[in-house]
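1. using only what follows, build the 3D model:
(chains A and B)
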2 protein chains.
Amino acid sequence: MQRPRAGSFHQDAESDSDFSVSMLLKFCEEDRSYWEECYNKVSKTAEEYKREIEDLKAKNSFLRLWIQTDHNGLDGPGFSDVVLFAAKDGPNGGLSKPVPAHKAVLASRSPVFKAMLEHEMEESRSNNIKINEVSYDALRAFVNYLYSAEAFLDERMAYDLLVLAEKYQVQHLKDYCEKFLVSKLNWENSIINYAFAHRHNAKHLLEAALSIILVNKDKLKNHRDYSELVKSDPCLLVEIYEACLAKQEKHCSTGSC
Amino acid sequence: MQRPRAGSFHQDAESDSDFSVSMLLKFCEEDRSYWEECYNKVSKTAEEYKREIEDLKAKNSFLRLWIQTDHNGLDGPGFSDVVLFAAKDGPNGGLSKPVPAHKAVLASRSPVFKAMLEHEMEESRSNNIKINEVSYDALRAFVNYLYSAEAFLDERMAYDLLVLAEKYQVQHLKDYCEKFLVSKLNWENSIINYAFAHRHNAKHLLEAALSIILVNKDKLKNHRDYSELVKSDPCLLVEIYEACLAKQEKHCSTGSC
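-> Purely as a prediction, here's the structure:
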């Protein structure tokens, strides 16, 4: 539908005293009808989207796999054929409680697990998978995500799960954690997040953290994590400074500096 | 936002020649603004829904389990621990080719499979499940749906899958098949669908078929499936006639007959 040119018409009406009120009303009606029709059309689309969301949610709920656990967290999903252990917080640095799972699910969600389980490796022979440098809680949350596509995140858990998602190439979980961490970004945690994102190949988080750093580049040297980064990873700081310069150059090349 | 009462204002404007054009323009602007604001609001909602749909689709895609099959359909999902057979179209009335699956998936999707596999039954001991009165193709499609929540339906397949969904209490698949069959309903197939829905406890399909029959009740006796139904299931016809009478009574009680 063509939108009436309301502005020019209104000007004509005000400057020409002979302008007929009934014609003006007709025009107003057309103008209003245009917006009403637009509204009705987009309302219909929104209703269709709403129905699609309901269908997708039902599908989602159907596709999740149930996980049974007892109070000690010792039981896992029924008919499991593989057990995972966290190798970080067990007694005396040993293995954690077992986290039962299914090879089919692990292999379906992660190409790394798939390769590990389909080939003649220690894990596929013993049906035990040891996951290093992770807490039992993070491992549980990780396995749970593979079955349900859901996780309750705080920042610590988001970092832990992102590391696991990167290591086992579970892109959906990685995106989920990155989105959460981006939503928690601020000037105070920007350098630590930049360093973390760089280490674990988290591009969205890296870009978002860099944007915040660039906006605040004048006070970069005074940031509480700056001196620590100089010691631990000066190359990363070089990268940040290079990005600052590149941005400045781009800014100047458009004649804005 | 309160919508301006355009109608009454327009009447005033037309009947009162002194009515100021500038006031009229002001009013028209308010009226238009109201609809524009409504449009912008619902557009924003539609955009949010669209993003939610994308997220849910990605989640669904993540939650689906992959199924590997070779050209003979002999291979199934990796690491399977149970095999299903169709007992209808095998050679000499025997069993069909095997359809491999996972106990965890079957038990997660169907309370009937769950009970069967968790208890000391023949199926849980032998890891073989025989499904009677079903074709190999329908069984494959059924198992595939349990892994992916997707099926390519024609009417024959929808009937077959609905029967399996009812038998194994897979509500999501049952809803999916009913929706498809309702979309294919017409006067010609209404009686056969009514009978089918009655046999397999498919309420939505039953109601939709009955509605079509009731609208055409005057020509019911001449329907091509009528005489067949008199012979095969006269009680069902009695039910249809009772529904017709009940509808007529309801119609009359509102003073409309």
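2. near chain B, which residues of the stretch 151-257 of chain A show up?
-> Within the stretch 151-257 of chain A, the positions lying close to chain B (Cβ under 8 Å from any Cβ of the partner chain) are A:H172, A:D175. Just so you know, the C-beta spots here come from the backbone N, C-alpha and C atoms, and that holds for glycine as well.
3. again, 6 Å this time
-> Taking Cβ under 6 Å from any Cβ of the partner chain, the part of the stretch 151-257 of chain A that reaches chain B is made up of A:H172.
4. residue of the stretch 151-257 of chain A closest to chain B, please.
-> Nearest residue of the stretch 151-257 of chain A to chain B (Cβ to the nearest Cβ) works out as A:H172 at 4.1 Å.
5. please name every helix or strand in contact with the helix or strand containing that residue.
-> Assigned by DSSP states H and E, A:H172 belongs to helix A:171-183. Helix A:171-183 is packed against helix A:155-167, helix A:203-215, with contacts defined by 3 or more Cβ pairs under 6 Å, 6 or more residues apart in numbering or on different chains; DSSP states H and E.
6. most packed of those helices?
-> Compared across these, helix A:155-167 shows the largest average neighbour count, a mean of 19 (mean count of other Cβ atoms under 10 Å in any protein chain shown).
7. and that helix, how far out from the chain's middle?
-> Averaging C-alpha positions (Cα atoms, centre = their mean, to the nearest Å) puts helix A:155-167 12 Å from its chain's average.
8. quick check on A:P100: phi, psi?
-> With angles defined as degrees, to the nearest 10, A:P100 sits at phi -70, psi 150.
9. err, A:Q169, not the other one
-> For A:Q169, the backbone dihedrals (degrees, to the nearest 10) come out as phi 50, psi 50.
10. who's in contact with it?
-> Each residue near A:Q169 by Cβ atoms under 6 Å, 6 or more residues apart in numbering or on different chains is listed here: A:S110, A:P111, A:V112.
11. nearest to B:Q248 among those residues?
-> A:S110 (62.3 Å; Cβ to Cβ).
12. for A:E133, give its distance to B:F196.
-> Using Cβ to Cβ, to the nearest Å, one gets 58 Å for the distance from A:E133 to B:F196.
13. more crowded one of those two?
-> Using other Cβ atoms under 10 Å in any protein chain shown as the criterion, A:E133 and B:F196 rank with B:F196 on top: 18 against 12.
14. name the element the more buried one belongs to?
-> Secondary structure assigned from DSSP H and E places B:F196 in helix B:187-199.
15. how long is stretch A:225-244 end to end?
-> 18 Å (Cα to Cα, to the nearest Å).
16. can you list contacts of that stretch?
-> Contact with stretch A:225-244 is made by A:I191, A:I192, A:A195, A:H198, A:L210, A:I213, A:L214, A:K217, as judged by Cβ under 6 Å, 6+ apart.
17. what are the buried residues along it?
-> By neighbour count with 16 or more other Cβ atoms under 10 Å in any protein chain shown, stretch A:225-244 contains the buried residues A:D225, A:L229, A:L236, A:L237, A:I240, A:A243, A:C244.
18. repeat for stretch A:109-125
-> Within stretch A:109-125, the residues that count as buried by 16+ other Cβ under 10 Å are A:R109, A:S110, A:F113, A:K114, A:M116, A:L117, A:E123, A:S124.
19. so what touches the helix holding A:H172?
-> Helix A:171-183 is contacted from outside by A:Y145, A:L153, A:A158, A:L161, A:L162, A:A165, A:E166, A:A202, A:H204, A:L205, A:A208, B:F62, using Cβ under 6 Å, 6+ apart.
20. list the buried residues in that helix.
-> A:H172, A:L173, A:K174, A:D175, A:Y176, A:C177, A:E178, A:F180, A:L181, A:V182.
21. let's have these in TSV, adding pLDDT and distance to A:L139.
-> Formatted as TSV, the buried residues of helix A:171-183 follow (pLDDT from 0 to 100; distance: Cβ to Cβ, whole Å):
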residue	pLDDT	distance to A:L139
A:H172	95	18
A:L173	97	13
A:K174	97	16
A:D175	96	20
A:Y176	96	17
A:C177	97	15
A:E178	97	20
A:F180	97	19
A:L181	98	20
A:V182	98	24
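22. now, which of those sits nearest B:A138?
-> Ranked by distance to B:A138 (Cβ to Cβ), the buried residues of helix A:171-183 are led by A:H172 at 31.6 Å.
23. report the separation between A:M116 and B:E155.
-> 44 Å.
24. kindly report the same for A:E52.
-> Distance of A:E52 to B:E155, computed by Cβ to Cβ: 24 Å.
25. and for A:D154?
-> In terms of Cβ to Cβ, A:D154 sits 51 Å off from B:E155.
26. one more: A:V134?
-> Note on A:V134: its distance to B:E155, by Cβ to Cβ, is 51 Å.
27. circling back to that earlier point, what residues sit buried inside the helix holding B:F196?
-> B:N189, B:S190, B:I191, B:I192, B:N193, B:Y194, B:A195, B:F196, B:A197, B:H198.
28. contacts only, for the last one.
-> Spelled out, that is B:H198. Counted by Cβ under 6 Å, 6+ apart, B:H198 has contacts B:L236.
29. cutoff 10 Å now
-> With contacts defined as Cβ atoms under 10 Å, 6 or more residues apart in numbering or on different chains, B:H198 is in contact with B:L205, B:L206, B:A209, B:L210, B:D233, B:C235, B:L236, B:E239, B:I240.
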